[in-house]
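>>> Sequence and predicted structure below; questions after.
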Amino acid sequence: MNITMHKNMSKLEKSIKGKALEFLVKLGADDTSPGLHIEPIHNSADRRFRTGRVDKFWRAVLFKLTGKTGTNWVIYGVYPHDDAIKLAASLKLDVNPTNGVTEITLVDKVDPDELEARLAEPADGTESETQAVAESDVVVPDTADPSMSRPRIPEADGAAQASQSGASSNVEEPQIPATFQRVPADPVFADKPLAETLGTIPDARLISELGMWKSVVSAARSCQTVDELLDRLNRMEIPDWQSDALLDLASGTSYDDVTEKLFGQADNGTDESADSSSTESPSDVEGLTRKPAGEGLEGRNEDDALIAGLRTSAAQLSFAEIEDEDELKRVAESGDFEAWRVFLHPEQRRWAQRSYNGPFRLSGGAGTGKTVVLVHRAARLAKTPAPDDGIPPRVVLTTFTRNLASELESQVSTLDSSAPRAGKLGNSGLYVSGVDQLAYEVLSSATSEELAQATAHLLGRTHIAINNRSNDSDWDRALETASADLPERARSRVFLEDEYEQIVLPNRLTSKSDYQRIKRPARGVRLSRQQRAPVWEVFEAYRVRTATNDSLSYVEVNHLAALILESRAKAVDRPTESEADRRAAYPVDHLLVDEGQDLNSGHWMFLRALVRPSRNDMFIGEDSHQRIYGNKVVLSRFGINIVGRSRRLTLNYRTTEQNLAFGLNILAGGSFSDLEDAAESVAGYRSLRTGIAPEVKGFDTLDAELEYVSSKLKDWLADCKNNPTLKPEQIAVLVRSDPGKAARRLGDYGVSVQSVGKGLIKEGTPVVMTMHRAKGTEFRNVVIMHAGSEDIPSPLNARFQPDEYSADFNLRERSLLYVAVTRARDCLVLTYPNRPSEYLIF
Ligand SMILES: Nc1ncnc2c1ncn2[C@@H]1O[C@H](COP(=O)(O)OP(=O)(O)OP(=O)(O)O)[C@@H](O)[C@H]1O
């Protein structure tokens, strides 16, 4: 027996979640149990329709499919008793005749205009009515009750169209509406005529080839703006794949790419050829070659076709099969149905499951679910069976900071508490840790001899102490020793530190003559042989100083760890050794990296050395638009060759369309490149959520700004009081610097907030943190305070930037503001005293 859940289940009211889960667990254990009260409803639109008793007032709405391989229960949702019964009259499970995708449709028993009008009404609470319903009553309606306003259900004529969609001869020619616009205009949709995107694709193709409902296509054609389209799609509650396809097309993604994303090679979780992905191209560019699920499988009944249709990648946007009893228990134990855990986009599923012949890079805008993919993939890899040597896989999930690693850790636990865990680096199971902590772990495990060798190789001296870290002042002191010959362009800590990280350490240079000979590709500042001599003297002064202090920089720690790992592997990873020994020469089989854009040369050399070059060795999540630390690196320089194994996620799950558009406008002023040194783009970035426009407000004085922000926070806190599902810690104030001061000032205006630095967020009060600290987090409502020209870009930091670095510095500051605005799920407010940041002038 199988259980498949519809996405509705992730939106259950909190009060009923626990009981709904209990119901599911019981159903999974024995679907004949009388306690479930699973009953057909007389005259239901679909003979498979059933209700089950969750408690006195609530009923589960299910479909019972009886396929050749057994029963498959599709659980659609949990509703008050009366509503569940009413749904019987209209709800159907259908196979889309064009593409074989199983969809929820609504039988056209209700007048479509009336239904549309009702769908437009806000969902109201009907509990009081339903509370009067006696639990034993099972009402069998003769006809649909037109007063039904809850739950929200698919548009009626959509259902009719689903079954008509094969009839292409009646399809009208496209009527090209004006343009899609967003306010403020943004680089993805702005002023893009539909004639260039959606409009160029004839309705006939969308309907009879893609399988879109006619009602959906005509609704889209009548919309002028993307907000209008979103609003309409939301009210129609059409299958997710159709909304997704429309938005994708409207944002400029080609028809072929859309079909590939939704209907491309399905993943069954088995080891697919990596190169099927690296050479991925739309398999059916001439139109869809996929077959309706029922076609060509003689002897299969209708239920079999529905079951097959549920497993199509497009259907999996709305339906998720619970794989086994363990999975059901996991869902039950975790106590909720968070969508990200179960309903992956077909693309996310693909990247989480596929096998690759080498490093893979997954890029995508803020909130597109890169972390979600990494977490799913990591848990999955940790559960793969042990190879012939009997040692289960060693999987490491890492990221830039400790805080981000803690966040990953808690997501893994939420997703799958049964994934085997490793207590330390090198053990079987999944190990989650910040990258610097991993490098330190390697150094801690090294013998004195290993350390001595590595430090001699990297630094030209033996160095055994590993606990002290150097800092910026070491560079300042070293610079003070510089001779008068030091070229003006090299007279800055920013340049010297960068040259040391990008050239000296990766090339393991320990002598002036080597530095004078080395090639310095892609360095902004040109240096002749002669000019390099005084530069090297500063490096030497730095090394003498840190040797005296017994300190190492974080980058040096990573490079040393890389050297130690490389020499351990070199001793064993030879063709003459057994496969098991060669594998054991490395501490990691599968490495997954989040926030890759922020890692430096030392990190990448260390990570490359950590994992044996092999199948599924590295999987890197990154967004170059969010690079806020350090300077740009190109992976191929560190032996990490992506060569075609890279893909981009574009559907934003976090923010509203309005907040996303705002963020994209901030990016529009910069030009970014990715970890493969190719231009980074925002093409296709879109959100399916719509909300209110961000508010940007300037003030004459700082006090006026603080007064406004505190009153905003008070309003939001009042909302939390009225609605317990809204949590104060889901409100954040983000600042460029000094969150402690901002928190104190807000306190002076009567709002109690917590200033969060390295520690974790506590429940109960709004959060104040820096924009840097906010990386990787998300909040319901966000105020970006002091977003004025005096703070962003940071004038203090700007002062230290040599000319050659100022363009990159500005990009990072721009990215910082983009990171900050994309933390907001719902409400976004930006305030500033005097003049706004230059990045806010669109
Ligand atoms: N398939 C999904 N269904 C529902 N929610 C999802 C899905 N994928 C991701 N999300 C949600 O979207 C939000 C952003 O996801 P995630 O943090 O993985 O994105 P990201 O690309 O790593 O973002 P960032 O780069 O900004 O850190 C999270 O709240 C996550 O739970």
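It's in.
>>> For the residue sitting furthest away from the middle of the chain, pull up the helix or strand it's in.
No residue in the chain sits farther from the centre than residue 484, which is 50.7 Å out by C-alpha atoms, centre = their mean. Following DSSP states H and E, there is no helix or strand that holds residue 484.
>>> Need phi/psi at it.
Dihedral angles of residue 484 (phi, psi; degrees, to the nearest 10) stand at phi -70, psi -20.
>>> what domains does the record give for the chain?
1-355, 356-445+559-649, 471-548, 665-840 (automatic domain parsing).
>>> Now render the ones you listed as CSV, adding mean pLDDT.
Shown next, in CSV, are these (pLDDT from 0 to 100):
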stretch, mean pLDDT
domain 1-355, 70
domain 356-445+559-649, 94
domain 471-548, 92
domain 665-840, 92
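>>> what does the stretch 701-842 of the chain put close to the ligand?
Residues of the stretch 701-842 of the chain lying near the ligand by C-beta under 6 Å from any ligand atom: 776, 778, 822. The C-beta positions use only the backbone N, C-alpha and C, and glycine is treated the same way.
>>> Of the residues you listed - the most surrounded one?
Among these, the one with the most neighbours (other C-beta atoms under 10 Å) is residue 822, at 28 neighbours.
>>> what helices or strands is the helix or strand containing residue 414 leaning on?
Assigned by DSSP H and E, residue 414 falls within helix 402-415. In terms of contacts (3 or more C-beta pairs under 8 Å, 6 or more residues apart in numbering; DSSP states H and E), helix 402-415 is packed against helix 370-382, strand 394-399, strand 429-434.
>>> residues in contact with the last one?
Contacts of strand 429-434 from elsewhere in the structure, counted by C-beta atoms under 8 Å, 6 or more residues apart in numbering, are 378-379, 381-382, 392, 394-402, 404-405, 408-409, 412, 419-425, 441.
>>> so can I have a markdown table of the residues of the stretch 701-842 of the chain next to the ligand showing secondary structure and distance to residue 608?
Below are those laid out as a markdown table (DSSP: H, G, I helix; E, B strand; the rest coil; distance: C-beta to C-beta, whole Å):
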| residue | secondary structure | distance to residue 608 |
| --- | --- | --- |
| 776 | coil | 23 |
| 778 | coil | 31 |
| 822 | coil | 30 |
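>>> would you turn those residues into TSV with distance to residue 480?
As requested, these are exported to TSV (distance: C-beta to C-beta, whole Å):
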residue	distance to residue 480
776	38
778	44
822	41
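>>> Need the distance between the two termini of stretch 685-705.
One end of stretch 685-705 to the other measures 32 Å (C-alpha to C-alpha, to the nearest Å).
>>> brain fart, stretch 617-636
Using C-alpha to C-alpha, the end-to-end distance of stretch 617-636 comes out at 15 Å.
>>> Check which residues of that stretch are buried.
The neighbour-count check on stretch 617-636 (16 or more other C-beta atoms under 10 Å) flags 617-635 as buried.
>>> among these, which are in reach of the ligand?
623, 626.
>>> Please flag which of the buried residues of stretch 617-636 sit within strands.
The strands, defined by DSSP state E, take in 618-622 from the buried residues of stretch 617-636.
>>> Could you count how many residues lie near the closest residue in space to residue 421 that isn't next to it in sequence?
Excluding the flanking residues, the one nearest residue 421 by C-beta to C-beta, 6 or more residues apart in numbering is residue 429, at 4.7 Å. By other C-beta under 10 Å, the residues close to residue 429 number 16.
>>> Also the one 5 residues further on?
By the other C-beta under 10 Å criterion, the neighbourhood of residue 434 contains 18 residues.
>>> now residue 570
10.
>>> for the host helix or strand of it, packing partners?
Residue 570 is located in helix 554-572, with elements delineated by DSSP H and E. Using 3+ C-beta pairs under 8 Å, 6+ apart, the elements in contact with helix 554-572 are helix 435-445, helix 448-459, helix 579-584, helix 601-610.
>>> can we see that at 6 Å?
helix 435-445, helix 448-459, helix 601-610 (3 or more C-beta pairs under 6 Å, 6 or more residues apart in numbering; DSSP states H and E).
>>> which outside residues touch the helix or strand following the longest one?
So the one you mean is helix 448-459. Using DSSP H and E, the helix or strand that follows helix 448-459 in sequence is strand 468-469. By C-beta atoms under 6 Å, 6 or more residues apart in numbering, the residues outside strand 468-469 that reach it are 550-551.
>>> Would you give the sheet partners of strand 468-469, along with the direction of each?
Partner strands and pairing direction for strand 468-469 (DSSP bridges) are strand 551-552 (parallel).
>>> Tell me which residues are up against the partner strand.
Strand 551-552 is contacted from outside by 468-470, using C-beta under 6 Å, 6+ apart.
>>> Show me what the mean pLDDT comes to for that strand.
Per-residue pLDDT values across strand 551-552 average out to 96.
>>> and stretch 407-426, which residues are buried?
Neighbour count says stretch 407-426 has 407-409, 411-412, 414-416, 419, 421-422, 425-426 buried, by 16+ other C-beta under 10 Å.
>>> Just give me the closest of the residues you listed to residue 838.
residue 407 (31.4 Å; C-beta to C-beta).
>>> contacting residues around that closest one?
residue 776.
>>> That one and residue 773, how far apart?
Counting by C-beta to C-beta, to the nearest Å, the separation of residue 407 from residue 773 is 12 Å.
>>> do the same with residue 700
In terms of C-beta to C-beta, residue 700 sits 29 Å off from residue 773.
>>> Which one's more surrounded, these two?
Using other C-beta under 10 Å as the criterion, residue 700 and residue 773 rank with residue 773 on top: 19 against 9.
>>> For the more buried one, grab phi and psi.
Dihedral angles (degrees, to the nearest 10) for residue 773: phi -70, psi -30.
>>> Quick check: chain neighbours aside, which residue is closest to residue 96?
Sequence neighbours aside, residue 211 is the residue nearest to residue 96 in space, at 4.7 Å (criterion: C-beta to C-beta, 6+ apart).
>>> Counting neighbours, what do you get for that neighbour?
By the measure other C-beta under 10 Å, the count of residues near residue 211 is 27.
>>> OK, contacts around it?
Counted by C-beta under 6 Å, 6+ apart, residue 211 has contacts 96, 98-99.
>>> could the residues you listed go into JSON lines alongside distance to the ligand, neighbour count and secondary structure?
Listed next are the contacts of residue 211 as JSON lines, based on distance: C-beta to the nearest ligand atom, whole Å; neighbours: other C-beta atoms under 10 Å; DSSP: H, G, I helix; E, B strand; the rest coil:
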{"residue": "96", "distance to the ligand": "21", "neighbour count": "27", "secondary structure": "coil"}
{"residue": "98", "distance to the ligand": "24", "neighbour count": "19", "secondary structure": "coil"}
{"residue": "99", "distance to the ligand": "21", "neighbour count": "25", "secondary structure": "coil"}
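>>> Pipe the residues you listed into a markdown table and attach distance to residue 462 per row.
Shown next, in a markdown table, are those (distance: C-beta to C-beta, whole Å):
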| residue | distance to residue 462 |
| --- | --- |
| 96 | 69 |
| 98 | 71 |
| 99 | 66 |
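>>> and the residue of the stretch 701-842 of the chain found nearest the ligand, how far is that from residue 407?
Residue nearest to the ligand within the stretch 701-842 of the chain (C-beta to the nearest ligand atom): residue 776, separated by 4.8 Å. Between residue 776 and residue 407 the computed distance is 6 Å (C-beta to C-beta).
>>> Near the ligand, which residues of this protein? Just list them.
So the chain meets the ligand at 339-340, 343-345, 348, 364, 366-372, 623, 626, 653-654, 776, 778, 822 (C-beta under 6 Å from any ligand atom).
>>> Separate out the buried members of these.
340, 343-345, 348, 364, 366-372, 623, 626, 653-654, 776, 778, 822.
>>> Can you report phi and psi for residue 103?
Residue 103 adopts backbone torsions of phi -130, psi 150, taken as degrees, to the nearest 10.
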